[in-house]
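Asker: next one to model:
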Amino acid sequence: MKQSQISNRRHFSLCLITALSFGHVGVLHAQGKPAPVVLVVGDSLSAEYGLRRGSGWVALTEQKIAAEKLNARVINASISGDTTSGGRSRLPALLKQHQPAVVVIELGGNDALRGLPLSMTRENIGAMAKAAKAAGARVLLLGMDMPPNYGTKYAQEFREIFTGVARDEKTALVPFFLKGVADIADPLALFQSDRIHPNEKAQPIMRDTVWPELRKLVAAG
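Answerer: Predicted coordinates:
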């Protein structure tokens, strides 16, 4: 065997060992390079708050990617309680570290719960979309709705944050992330006892809501 072939095999073996140690089995290019990254920047809805590790929609999405043999790996950078301001401040370092091909932005709910100005929420989400695009990533926004007790006008204006940013920045959009979870006849059946966070039964529904748009971005290369 030629020395160059031995060197290439050693290089691939080292890459495989590294992938195994981080749990990313089966997500390597043939040349031994890591697969493109899907970076999820969210709050407790994506950070498995109150759930068993590995049962949240992000982990289920990574399983879906592997099952369909798509070339991608998922990095979940979600933090419970995070706001759009927090996500905006964290994003530059995450983009530099992971160099993602796709960025999923799931933020905004905590802004509303804290009564933060809608204009600030929109500015932050727009800035995040711009930064991700400037770094070469495709962007998917996960939209949210507010409960009826917030009032029709507020709920409409909050919803338009996501549709407006998606339109202005030409990003992909899931209009309502909790579709099929928070809008069913008995929504409490799919929520934890705090009535805020979806339970484990809701996670596959959330994954399936996100998947059609996310799959397009992942499959784009």
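Asker: ok, what's across the strand from the spatially most central residue of the chain?
Answerer: Centroid check for the chain by C-alpha atoms, centre = their mean gives Val40 as the closest residue, at 2.9 Å. Assessed by DSSP bridges, Val40 has beta-bridge partners Asn76, Val104.
Asker: I'd assumed Arg73 was in contact with it.
Answerer: No - in this structure Val40 lies outside contact range of Arg73 using C-beta atoms under 8 Å: 11.5 Å. All C-beta atoms are positioned from the backbone trio N, CA, C, and that covers glycine.
Asker: can you pull out the strands in the protein?
Answerer: Counting by DSSP state E, the chain has strands at residues 37-42, 73-76, 102-106, 138-142, 172-174.
Asker: make JSON lines from these and add distance to Pro187 to it.
Answerer: Compiled in JSON lines, the strands of the chain are given as follows (distance: least, C-beta to C-beta, whole Å):
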{"stretch": "strand 37-42", "distance to Pro187": "20"}
{"stretch": "strand 73-76", "distance to Pro187": "25"}
{"stretch": "strand 102-106", "distance to Pro187": "19"}
{"stretch": "strand 138-142", "distance to Pro187": "18"}
{"stretch": "strand 172-174", "distance to Pro187": "18"}
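Asker: of the ones you listed, which is nearest Gly54?
Answerer: Gly54 lies closest to strand 73-76 among those, at 10.7 Å (C-beta to C-beta).
Asker: give the contact list for the residue nearest to the centre of the chain.
Answerer: Ser46, Val58, Val74, Ile75, Asn76, Ala77, Ser78, Val104, Glu106 (C-beta atoms under 8 Å, 6 or more residues apart in numbering).
Asker: who wins for most neighbours among the residues you listed?
Answerer: Tallying neighbours with other C-beta atoms under 10 Å puts Val104 at the head of the contacts of Val40, with 30 neighbours.
Asker: just to revisit the earlier point, comparing the strands of the chain, which comes out most buried?
Answerer: strand 102-106 (a mean of 27; mean count of other C-beta atoms under 10 Å).
Asker: send over stretch 101-108 as PDB, restricted to the C-alpha atoms.
Answerer: Taking C-alpha atoms only, stretch 101-108 is exported to PDB below (Å, rounded to 0.1, in the frame of the first residue of the first chain):
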ATOM      1  CA  ALA A 101     -25.600  25.300   6.600                       C
ATOM      2  CA  VAL A 102     -29.100  25.800   8.100                       C
ATOM      3  CA  VAL A 103     -30.100  28.000  11.100                       C
ATOM      4  CA  VAL A 104     -33.500  27.300  12.700                       C
ATOM      5  CA  ILE A 105     -34.700  30.300  14.900                       C
ATOM      6  CA  GLU A 106     -37.300  29.400  17.500                       C
ATOM      7  CA  LEU A 107     -37.500  32.500  19.700                       C
ATOM      8  CA  GLY A 108     -40.000  35.100  20.700                       C
END
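Asker: turn the strands of the chain into CSV, columns for mean pLDDT and distance to Glu157.
Answerer: Shown next, in CSV, are the strands of the chain (pLDDT from 0 to 100; distance: least, C-beta to C-beta, whole Å):
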stretch, mean pLDDT, distance to Glu157
strand 37-42, 98, 21
strand 73-76, 98, 29
strand 102-106, 98, 19
strand 138-142, 98, 16
strand 172-174, 98, 17
